[in-house]
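Undergrad: the amino acid sequence is not available; the structure is as follows:
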Ligand code: ZN
Ligand code: ZN
């Protein structure tokens, strides 16, 4: 591939920041913005801050974290440390969102940061963090505010994606892939996103018209029937948040997705890509569902972490999301395994264990937890996407009367 010159790189970085603020976030003039990033993402965070102020932000606050410092807890922390989480920080974030702040997360974490740590400690930390973060996360998931996630290449991430390349080359390759997937390498990324967004909406509209009762996935190691929640809604691309701002929550995004019925999932499913779950790679996942619950789970690698994950709580062994992505998606076409859900979930059809999106149900935001559960929406502290799609996967839509029609054949829309 052709190497990027430093001018091209700088131009792409500016475009990524611009498209993140304008197409992704839809920042309103006068709005406050909270950014989260790791220290490796300082250059992109600064660039985004510049475009946010140019778009009229009244205040941009970036919360930087340092991954090496996070590791020090595992090396030197007392036992009680693994159940601790900075609730005060997450409460502060929730308060910012309640008073109207937008949220932008810069993803670029080291996928294998915690791979050598004790899975029990990792799981305790994850549980404590999920609990403390929940109030803030709920505001985000319910789209009370406009938010988005964009990616930044970091040395540790680049090393995981391109283990055999020298550091510089690995970083350049990862940046190229990020710019391409985020459409920041196109002359007018804002228009490119508008067109792409319209296509995703058209696909979701088609599925919403069909009102399928379920989906049937078939492929190597997979024969899975996923019932859809009553009054489910397919979503894809951007959405208007409750504060009236239009945002595209994930950059990149190639999926249309909805809420499965937590008690109507049957059969076996095998993962088609490794799952990077909070620092550990889980490969070759194969699980069997009965009446919606995983009754048998295994993995060729990281199976202990998988077990811990599905034991997080009651809802962790049930589905909260099902998503369709064609195999020809630009991210799948790149042939790369990013080991980051933001990218890998947009390369293949996927399912998620755990929390469902109430926005994927008609009037979902106004329903009580009991009403959501009655429609089939799952509840959990976790929401973990993993890939079940490939060019060998067929998907049928199943109507309420049991007729099936082809949706995806050999990985492509039929
Ligand atoms: Zn998804
Ligand atoms: Zn998901």
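TA: Received it, and whenever you're ready, just let me know what you need. Since this is a predicted model, take the numbers as computed values, not measurements. Numbers count the residues shown, from 1 in each chain. Ligands and ions are numbered 1, 2, ... in the order given.
Undergrad: can we go C-alpha only for contacts and neighbour counts from here?
TA: Fine.
Undergrad: tell me the pLDDT of the residue nearest to the spatial centre of the chain.
TA: For the chain, the residue nearest the mean C-alpha position is residue 342 (4.6 Å; Cα atoms, centre = their mean). pLDDT for residue 342: 90.
Undergrad: ok, now how distant is it from residue 294?
TA: For residue 342, the distance to residue 294 (Cα to Cα, to the nearest Å) stands at 24 Å.
Undergrad: go on, residue 46?
TA: 44 Å.
Undergrad: off-centre distance for the one helix or strand residue 18 maps to?
TA: Here residue 18 is covered by helix 6-19, with elements defined by DSSP states H and E. Counting by Cα atoms, centre = their mean, to the nearest Å, helix 6-19 is centred 23 Å from the centre of its parent chain.
Undergrad: other residues contacting that helix?
TA: For helix 6-19, contacts defined as Cα atoms under 8 Å, 6 or more residues apart in numbering pick out 44, 47, 48, 51, 179, 182, 183, 184, 185, 189, 190.
Undergrad: could you pull out the strands for the stretch 251-400 of the chain?
TA: For the stretch 251-400 of the chain, the strands defined by DSSP state E, counting those that start in this stretch occupy 256-258, 260-270, 275-277, 280-282, 286-290, 293-298, 319-324, 350-354, 383-387, 394-398.
Undergrad: next secondary structure after the last one?
TA: Under the assignment DSSP H and E, the closest C-terminal helix or strand after strand 394-398 is strand 404-409.
Undergrad: buried set for that following strand?
TA: 404, 407, 408, 409 (16 or more other Cα atoms under 10 Å).
Undergrad: please parse this structure into its domains.
TA: Domain assignment for the chain by automatic domain parsing gives 2-181, 211-237+249-413.
Undergrad: deepest of the ones you listed, which one?
TA: With neighbours defined as mean count of other Cα atoms under 10 Å, those peak in mean count at domain 211-237+249-413, which reaches a mean of 21.
Undergrad: and that domain, end to end?
TA: 17 Å.
Undergrad: start from the N-terminal end of the protein and give the helices.
TA: 6-19, 42-54, 67-76, 87-98, 119-141, 155-161, 167-181, 189-210, 303-310, 330-333, 341-344, 369-375 (DSSP state H).
Undergrad: what is the orientation angle of the fifth one with helix 87-98?
TA: Which is helix 119-141. Angle, helix 119-141 to helix 87-98, by axes from the mean of the first three to the mean of the last three Cα atoms, to 10 degrees: 20 degrees.
Undergrad: what's stretch 50-67 in contact with?
TA: Stretch 50-67 is contacted by residues 17-18, 21, 27-39, 45, 49, 109-110, 113 when judged by Cα under 8 Å, 6+ apart.
Undergrad: in strands only, show me those residues.
TA: Among these, the ones falling in strands (DSSP state E) are 32, 33, 34, 35, 36, 37, 38.
Undergrad: how about these, which pair is most distant?
TA: Pairwise distances across the ones in strands among the contacts of stretch 50-67 (Cα to Cα) peak at 20.1 Å, for the pair 32 and 38.
Undergrad: centre of the chain to stretch 254-270, how far?
TA: What separates the centre of stretch 254-270 from the centre of its chain is 16 Å, taken as Cα atoms, centre = their mean.
Undergrad: list the residues that contact residue 154.
TA: Residue 154 neighbours (Cα under 8 Å, 6+ apart): 40, 41, 108, 109, 110, 171.
Undergrad: any weak-confidence spans in the chain?
TA: Residue ranges of the chain with pLDDT under 70: 1-3.
Undergrad: picking that back up, can the ones in strands among the contacts of stretch 50-67 go into TSV with extra columns for distance to residue 325?
TA: Shown next, in TSV, are those (distance: Cα to Cα, whole Å):
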residue	distance to residue 325
32	34
33	31
34	30
35	28
36	28
37	28
38	29
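Undergrad: and which of these is nearest to residue 347?
TA: Closest approach to residue 347 among the ones in strands among the contacts of stretch 50-67 (Cα to Cα): residue 37, at 23.8 Å.
Undergrad: I'd assumed residue 107 was in contact with the closest one.
TA: Yes. Residue 37 is within contact range of residue 107, at 6.9 Å (criterion: Cα atoms under 8 Å).
Undergrad: mind listing residues that contact stretch 117-130?
TA: With Cα under 8 Å, 6+ apart as the test, stretch 117-130 has contacts from 74, 82-86, 114, 278, 304-305, 308-309, 312, 381-382.
Undergrad: tell me which two in those residues are the farthest apart.
TA: Farthest pair in the contacts of stretch 117-130, by Cα to Cα: 86 and 304, 26.9 Å.
Undergrad: circling back: distance to residue 139 for the strands of the stretch 251-400 of the chain - can I get that in CSV?
TA: As requested, the strands of the stretch 251-400 of the chain are exported to CSV (distance: least, Cα to Cα, whole Å):
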stretch, distance to residue 139
strand 256-258, 19
strand 260-270, 21
strand 275-277, 23
strand 280-282, 28
strand 286-290, 31
strand 293-298, 27
strand 319-324, 17
strand 350-354, 17
strand 383-387, 15
strand 394-398, 32
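Undergrad: what's the closest of these to residue 102?
TA: Closest to residue 102 of the strands of the stretch 251-400 of the chain is strand 383-387 (Cα to Cα; 21.7 Å).
Undergrad: sorry, back to before: quick check, nearest of the contacts of stretch 117-130 to residue 338?
TA: Using Cα to Cα, the contacts of stretch 117-130 come closest to residue 338 at residue 278, 13.9 Å.
Undergrad: residues touching the closest one, list them.
TA: The contact partners of residue 278, by Cα under 8 Å, 6+ apart, come to 111, 112, 114, 126.
Undergrad: try 10 Å
TA: 109-115, 122-123, 126, 305, 340, 384 (Cα atoms under 10 Å, 6 or more residues apart in numbering).
Undergrad: now swap in residue 110 and tell me
TA: Neighbour list for residue 110: 38, 67, 153-160, 276, 278-279, 339-340 [criterion: Cα under 10 Å, 6+ apart].
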